[in-house]
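Asks: Structure for the following, please:
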Amino acid sequence: MRTPSRMYLGRLGLAVLTILGTATVMSVASGGAPAGASGPPITIAMITSLTGPGSSEFSNDPAGFNARIALQNAEGGVNGHKIDGMILDDQTSPSAVASAVQGALGKGAFGIVSISPLFFLADKYPQEQGVPVTGGFFDGPEWGTQPFTNMFASDVGSLDPKYPVNSAIGTFMKQHGGTVVCSYGYSISPSSTRSAVGTVDSFVHAGGKQGELDTSIPFGSVAMTTPALVAKQKGCNAFYAGLDDNSNFSLAEALKQSGVKPKVMVFPTGYEPSLVNSPAWSSVQGGYFETEFRPFSLPNAGTKQMQAAMEKYEGWKSSQFPTFSQYESWLGADLMIKGLELAGKNPTRAGVIHALRNLKAYNGNGLLPETINYSTDFGKDLPQSCGWYMVAEKSGFVASSSAPYCGKDIPGTTTVQS
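Replies: This is a model prediction of the structure:
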């Protein structure tokens, strides 16, 4: 399951599920030997959820990881070293994620790319061994918490563990006609609850009114008739659905059937090719889908580089665009490669960590809306959090603006529940 961006207080994250399993190596990415390679190959392992409850969001992310490594090898590798990629499945399981991380280290992985909603359950192993970790921050606050200074979020840099309220979503909803907000979160997921609470607080801060804050939704529920009727009773015309796609789209359909006509409805998940022309497409028409990564419909150097690599190495068509997890896996590999480049001809793990902790300007070649300074941001949010809103129109997604929409943390706020 994907989670809402830090514009909406961090991501919802999968609830910790009591599923047993062992890690499985699903695939290895490397490409051909780079021309001029002289040093020994360097293995980068990606940990992700290819199976289990998280697979609906993460099963396609190897494409981004594989393509970025293949591109690097085609360009000669890193300082004469070929990059080998190893992909391990955490099965969306608390026990299997530990096995995956330990397995990666046991197989000689130099560094780890985390695209896992459960990585926080195994973060101690690479930290204790001084292993650099890059990837998505959506699993938990360890990306900005001591002693995990070996971890570098390739999407947001770091984060404030207090998860303060951000002004972005409340201001956006007010500017698009919202006056009364209804916001929803899963009861079992603390970060889903945080996103729902923070959206209401942000909207009230922007001058709107709270209609309904419902954080009692069962995980994965599609029973949305009652929430829709309550929303109608409360007079809500602004909606935030910080849930998984199936719950979000069921809510949109229930509102439609109940005769509720939102002025603005924001989905932190769902901006993916598979949604267009799916059965849910008609119910989300006019809804806004957030992405913190530059849309391919607004091309720049970064989107063109990724598009070309995905077409060449992953067989993409020119009309395709990445899912959330493919952006994340591409950037996770990209930042690790950047660290290897900066660490010199004979990189060490400590050298890569040192190089990344002194990296003052990173934006994924323009895929990120903000430039990250890893030397100053540990334990902090970026000065502003930005992203694009994509509108679901009849024929597909259209950017509401060519420029990203930005907001700042509201001082003195937190959405961490006691």
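Asks: give the contact list for Ser116.
Replies: Ile47, Thr48, Ser49, Gly54, Phe58, Asp90, Val97, Ala100, Gly135, Asp139 (Cβ atoms under 8 Å, 6 or more residues apart in numbering). To be clear about C-beta, it is placed using only N, CA and C from the backbone, and glycine gets the same treatment.
Asks: Most neighbours among those residues, please name it.
Replies: Thr48 (34 neighbours; other Cβ atoms under 10 Å).
Asks: quick one on the thing from earlier: mark which of the contacts of Ser116 are part of helices, please.
Replies: Using DSSP state H, Phe58, Val97, Ala100 are the members of the contacts of Ser116 that sit in helices.
Asks: Return the member of those nearest to Lys209.
Replies: Nearest to Lys209 among the ones in helices among the contacts of Ser116 is Phe58, at 36.9 Å by Cβ to Cβ.
Asks: what pLDDT does the nearest residue in space to the closest one that is not next to it in sequence get?
Replies: Excluding its sequence neighbours, the residue lying closest to Phe58 (Cβ to Cβ, 6 or more residues apart in numbering) is Ser49, at 4.3 Å. At Ser49, the model reports a pLDDT of 94.
Asks: All the helices of the stretch 251-400 of the chain, residue numbers only.
Replies: 301-314, 324-343, 349-357 (DSSP state H, counting those that start in this stretch).
Asks: Just the strands from the chain, written as ranges.
Replies: 24-29, 42-48, 83-89, 111-115, 133-135, 151-153, 180-186, 209-217, 238-241, 264-267, 288-291, 385-393, 396-399, 405-407 (DSSP state E).
Asks: Out of these, flag the one nearest Leu335.
Replies: Comparing those by their distance to Leu335 (Cβ to Cβ), the top pick is strand 133-135, with 4.3 Å.
Asks: Neighbouring strands of that closest one in the sheet, and parallel or not?
Replies: Paired neighbours of strand 133-135 in the sheet (DSSP bridges): strand 111-115 (parallel), strand 151-153 (parallel).
Asks: quick one: contacts of that strand?
Replies: Contacts to strand 133-135, defined as Cβ under 8 Å, 6+ apart, come from residues 46, 111-116, 119, 123, 126, 150-154, 328, 331-333, 335-336, 339, 356.
Asks: Can you pull the domain assignment for the protein?
Replies: Domain ranges of the chain: 6-156+299-366, 168-291+385-407, per automatic domain parsing.
Asks: What's the mean pLDDT across the last one?
Replies: The predicted model assigns domain 168-291+385-407 a mean pLDDT of 94.
Asks: And the helices in the stretch 51-200 of the chain, which stretches?
Replies: In the stretch 51-200 of the chain, the helices defined using DSSP H, counting those that start in this stretch lie at 55-58, 62-74, 94-106, 124-128, 168-175, 190-205.
Asks: need those helices in CSV with distance to Gly302, can you?
Replies: Converted to CSV, the helices of the stretch 51-200 of the chain look like this (distance: least, Cβ to Cβ, whole Å):
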stretch, distance to Gly302
helix 55-58, 22
helix 62-74, 12
helix 94-106, 27
helix 124-128, 27
helix 168-175, 22
helix 190-205, 27
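Asks: Which of those sits closest to Gln146?
Replies: With Cβ to Cβ as the criterion, Gln146 lies closest to helix 124-128 of the helices of the stretch 51-200 of the chain, at 10.0 Å.
Asks: List the buried residues in the closest one.
Replies: Pro126, Gln127 (16 or more other Cβ atoms under 10 Å).
Asks: which helices and strands sit right next to that helix?
Replies: Under the contact criterion of 3 or more Cβ pairs under 8 Å, 6 or more residues apart in numbering; DSSP states H and E, helix 124-128 touches helix 94-106.
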